[in-house]
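[1] Below are the sequence and a predicted model; questions follow.
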Amino acid sequence: MKNFLLLAVLTVLGFLNVNAQEIKFGAKGGLNFANISGDNTKGIDVVTSFNVGVVSEIPISEKFSFQPEIMYSGQGYSFDDNTVALSYLNIPLMGKYYLTKGLSLEAGPQIGFLLAAKNEKTNVKDSFNTFDFGVNFGLGYKLDNGLNFGARYNLGLTDINNVEGSSNKNKNSVFQLSVGYFFF
């Protein structure tokens with residue numbers, strides 16, 4: 001078992017060393033159109049917020065890349081003119097498949113950590129789980145100069161509610177548009 005782990009670590013380090021010149025780092029930001037799905041969501045409206053963070057793209061082959069990200073994401077929902085604003089630190093781990101030069105399909109898991117939750121300036125963080133897990137699907141387009149564009153949907157898989165005695169199960173649902181730039 002130890003030999004297998006050592007071989008795996010050496011293989012990854014060798015891969016990263018060979019491809020270190022091709023790894024790209026950048027930043028991106030954009031708009032979120034967020035809502036929740038699940039129980040008792042009739043009359044729940046979308047809220048618009050923003051996302052911003054850092055990205056890296058690690059080529060695996062000519063057509064496939066791995067893109068880890070660290071993103072601040074404003075999410076939440078609105079009902080009866082009340083807005084519940086949820087702030088997350090999300091870590092998407094995206095696989096990218098290039099259909100043609102620049103155009104990619106993206107998919108991958110995302111873990112999120114709740115930073116804040118407010119309902120009209122009242123702290124309601126205790127009403128929500130501090131951990132969120134979801135799956136992302138999207139499209140991306142990258143220009144040769146490093147400028148890139150993306151559209152992504154985050155399908156929440158875990159219940160975000162943390163209210164004792166409540167049987168409601170709700171999940172995040174977020175559509176994102178972003179613009180980014182790879183610096184190097």
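    Thanks, I have it. Numbers count the residues shown, from 1 in each chain.

[2] Show me which strand runs longest in the protein.
    strand 82-100 (DSSP state E).

[3] Next secondary structure after that strand?
    Going down the chain from strand 82-100, the next helix or strand is strand 103-119, by DSSP states H and E.

[4] Pairing partners for that following strand, with directions?
    strand 82-100 (antiparallel), strand 122-123 (antiparallel), strand 131-142 (antiparallel) (DSSP bridges).

[5] Shouldn't residue 126 be within a helix?
    Yes: under DSSP: H, G, I helix; E, B strand; the rest coil, residue 126 falls within a helix.

[6] For it, which non-adjacent residue is spatially closest?
    Once flanking residues are discounted, residue 126 sits nearest to residue 162: 6.8 Å by CB to CB, 6 or more residues apart in numbering. Quick note: C-beta positions are derived from backbone N, CA and C, even for glycine.

[7] Likewise for residue 30?
    Residue 30 sits nearest to residue 178 (CB to CB, 6+ apart), 3.2 Å away.

[8] circling back: next, count neighbours for the residue nearest to residue 126.
    Using other CB atoms under 10 Å, residue 162 has 15 other residues around it.

[9] got it, and residue 155?
    Applying other CB under 10 Å, we find 14 residues neighbouring residue 155.

[10] For stretch 117-131, which outside residues touch it?
    76, 82-87, 111-114, 116, 158-163 (CB atoms under 8 Å, 6 or more residues apart in numbering).

[11] In CSV: the strands paired with strand 103-119, plus distance to residue 44 and mean neighbour count.
    Shown next, in CSV, are these (distance: least, CB to CB, whole Å; neighbours: other CB atoms under 10 Å):
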stretch, distance to residue 44, mean neighbour count
strand 82-100, 9, 18
strand 122-123, 18, 10
strand 131-142, 17, 18
